[in-house]
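Q: Compute the structure for the input listed below.
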Amino acid sequence: MRAAASERPRRVWGEGVFAGRAQGDGRGRAAPSAAWFVVSLGALGTWLVVSLGALGACSEGSLEVDGLADAGQTRDSGEGEVGEVEVGAADAGERDLGVEEEPEPEVPEACEAGVRCGAECVDLSADPLNCGLCSRTCVVASAQASCEGGECAVGRCQAGFLDVDGAVANGCEVEDNCEAGAACEASCGSAGAMACEGGAGRCVPPGEVCNGVDDNCDGACDEGGLGGCRAGVHRAHGDGHLYTTDLGAAGRSPFRLESQDYFFIYAQPVPGTRPLFLCRKGDGKRFLTSDTACEMAGGVEAQLGFWAPEGSCGAVPLYRLYHEPTSNHFYTLSAPERDNARDNLGYRDEGIGGYVWRSR
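A: Numbers count the residues shown, from 1 in each chain. The predicted structure follows:
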């Protein structure tokens, strides 16, 4: 039994030492003269056989057991006595008998694409069947797995599934039941189209159009200056008050322009509106009404557009007052101006003439 050369000799104790001599090699030939000793290791249940054939004669009462002629370590070999056997240092590279070596880990053989796994040459950083290690297969729920930098990743989700949280552990975890572009009803009642986000559908309202309705669900109707949708009405004063869509007329004598685009009305009829007429009385004074007969007080000079009978779609009230001594009708958006005309200027409050809009 030998130990590495760098190790110190170990002592092995036995309960008895028995001497003998080999008789042959078991193949019919005489063995060279060799003495042998059997050492019992007691409770360990192990016997150590020590051959001294190659050592030559030892001095009387001495025994060489380490296999090295110059070791000089001897022990009394008295038969039947308890002896101490010294296992000496051996040549470098030799191991103790009975010590099992750990196998070296197998290092994959390098090849052009990366390393060799079995018969295949693979890239461990990108191969989902050999991701990071040979035979490490990536499996991702409801998806085609991929390998990125030697780690498993979600590649492409199967049809009908979505990866919302980005986690590899649960793969494509959300079932996609949304049909993008399908017709739907938006929160304000307009006809929208479905948009799909994270497996959930959301009804996207359409853009605003000139129809007297809040199409885009922002709380306002026909906003944004839609071309040709609403027309501005200008306010002028001279021989009474004049309200007209003709900016030139509002600045011609005997009138003087007080406010351009004072309010807005629809240029074309939309649901919830009614015609707005500019009527001229026999005395030349003008007023606004929806009555085609001009309230039996004159005739229609022009149809300006369309206003509303109630405050829908962001419309505001247009207050109507009348000054009987001058036969003058006065319209205002301002409640304080209305009150001043009524309380201090002798006008009669005739309520709300109709509803109009403050913006185009």
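Q: for the closest residue to residue 315 other than its chain neighbours, what are its contacts?
A: Spatial nearest neighbour of residue 315, chain neighbours left out: residue 355 (3.6 Å); criterion: CB to CB, 6 or more residues apart in numbering. From N, CA and C alone the C-beta is placed, and that goes for glycine too. By CB atoms under 8 Å, 6 or more residues apart in numbering, the contact list for residue 355 reads 307, 308, 309, 310, 311, 312, 315, 316, 317, 318.
Q: and the residue nearest to residue 120 when sequence neighbours are not counted, helix, strand or coil?
A: Leaving aside its sequence neighbours, residue 120 sits nearest to residue 130 (CB to CB, 6+ apart; 7.9 Å). Following DSSP: H, G, I helix; E, B strand; the rest coil, we place residue 130 in the coil state.
Q: Tell me how far residue 130 lies from residue 116.
A: Taking CB to CB, to the nearest Å as the measure, residue 130 and residue 116 are separated by 10 Å.
Q: again with residue 164
A: For residue 164, the distance to residue 116 equals 39 Å [CB to CB].
Q: Out of the contacts of residue 355, which one has the lowest pLDDT?
A: Among the contacts of residue 355, residue 312 has the lowest pLDDT, at 83.
Q: Could you tell me how many residues sit around the closest residue in space to residue 188 that isn't next to it in sequence?
A: The spatial neighbour of residue 188 that comes closest, neighbours along the chain excluded (CB to CB, 6+ apart), is residue 217 at 3.8 Å. Neighbour count of residue 217, defined by other CB atoms under 10 Å: 17.
Q: next one: residue 191
A: By other CB under 10 Å, 12 other residues sit near residue 191.
Q: Let me know the distance separating it from residue 360.
A: If you measure residue 191 against residue 360 using CB to CB, the figure is 25 Å.
Q: next one: residue 313
A: Going from residue 313 to residue 360 by CB to CB gives 14 Å.
Q: and what of residue 196?
A: To residue 360, residue 196 is 36 Å away according to CB to CB.
Q: just to confirm, which helix or strand has the residue lying closest to residue 163 once chain neighbours are set aside in it?
A: With sequence-adjacent residues excluded and distances taken as CB to CB, 6+ apart, residue 163 is closest to residue 172, at 4.6 Å. Assigned by DSSP states H and E, residue 172 belongs to no helix or strand.
Q: isn't residue 172 right next to residue 160, touching?
A: No. When contacts are counted by CB atoms under 8 Å, residue 172 is not listed as touching residue 160 (9.0 Å).
Q: which one of these two has more residues nearby?
A: More crowded of residue 172 and residue 160, by other CB under 10 Å: residue 172, with 22 against 12.
Q: How about the contacts made by that one?
A: Contacts of residue 172 (CB under 8 Å, 6+ apart): 140, 141, 142, 143, 154, 157, 158, 161, 162, 163.
Q: so which of these comes closest to residue 300?
A: residue 162 (62.3 Å; CB to CB).
Q: What is the neighbour count of the closest one?
A: For residue 162, the neighbour count with other CB under 10 Å is 20.
Q: Could you pull up the contacting residues of it?
A: Applying CB under 8 Å, 6+ apart, we find residue 162 in contact with 172, 173, 174, 175, 176, 198, 199.
Q: can you tell me how far the residue nearest to the last one when sequence neighbours are not counted sits from residue 158?
A: In space, and not counting its chain neighbours, residue 199 is closest to residue 174: 3.8 Å by CB to CB, 6+ apart. The span separating residue 174 from residue 158 equals 12 Å under the rule CB to CB.
Q: Compare neighbour counts for the two and give me the winner.
A: With neighbours defined as other CB under 10 Å, residue 174 and residue 158 compare such that residue 174 has more, 17 against 14.
Q: so that one makes contact with residue 161?
A: Yes. Residue 174 is within contact range of residue 161, at 6.7 Å (criterion: CB under 8 Å).
Q: can you map out the strands along the stretch 101-250 of the chain?
A: Here the stretch 101-250 of the chain has its strands, by DSSP state E, counting those that start in this stretch, at 109-110, 115-117, 120-122, 143-148, 151-157, 161-162, 174-175, 183-185, 191-197, 200-204, 230-238, 240-244.
Q: export those to CSV and tack on distance to residue 272 and mean pLDDT?
A: CSV is the format used below for the strands of the stretch 101-250 of the chain (distance: least, CB to CB, whole Å; pLDDT from 0 to 100):
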stretch, distance to residue 272, mean pLDDT
strand 109-110, 80, 72
strand 115-117, 75, 90
strand 120-122, 71, 90
strand 143-148, 52, 93
strand 151-157, 48, 93
strand 161-162, 43, 86
strand 174-175, 43, 82
strand 183-185, 20, 93
strand 191-197, 18, 90
strand 200-204, 24, 87
strand 230-238, 14, 96
strand 240-244, 21, 95
